[in-house]
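> give me a 3D structure for the following:
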Amino acid sequence: MPNLMRFSLCLFAGLLLSGLCLPVLMLLGRFDWIALLVATGKPMAHLALLLPGELWTQLTGVEDAANNPHVRSFLEMCMGVAQLGLLLALPIYRLGKK
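Down below sits the predicted model:
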């Protein structure tokens, strides 16, 4: 149980850091890095959009949400940020073990 709690806290810290990276990248004008972050989320977002369409309609309130480009791009960005958060959480977890 302590390992699960520690990993959850590290994942939260990683997600917080990756979420803070977006405004910093915008302020620095590094929109190409943001585009790369969105590109890394495309495969996972595509897999998530294979879930039934009724689920996406209920989650978003948009008809035919799985085919909506705005929903798709937002999901790609969220997946990219989540992947970056996980990548940041792993070293935090390892450093906290010492």
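
> use CA for all of it now, contacts and neighbours both
OK.

> number of residues surrounding the closest residue to Ala66 other than its chain neighbours?
Using Cα to Cα, 6 or more residues apart in numbering and skipping the chain neighbours, the partner closest in space to Ala66 is Leu49 (5.6 Å). Leu49: 18 surrounding residues under other Cα atoms under 10 Å.

> list the contacts for Leu49?
Trp56, Ala66, Arg72 (Cα atoms under 8 Å, 6 or more residues apart in numbering).

> ok, the first one to Met79 distance?
Distance, Trp56 to Met79, by Cα to Cα, to the nearest Å: 15 Å.

> hey, where'd the helices end up in the protein?
Taking DSSP state H to define them, one finds helices in the chain at 2-28, 31-48, 53-60, 69-97.

> got the angle for the shortest one vs helix 31-48?
Taking axes from the mean of the first three to the mean of the last three Cα atoms, to 10 degrees, one finds that helix 53-60 is oriented at 130 degrees with respect to helix 31-48.

> sorry, back to before: so of the helices of the chain, which one's packed in deepest?
helix 69-97 (a mean of 17; mean count of other Cα atoms under 10 Å).

> roughly how far is it from the heart of the chain?
4 Å (Cα atoms, centre = their mean, to the nearest Å).
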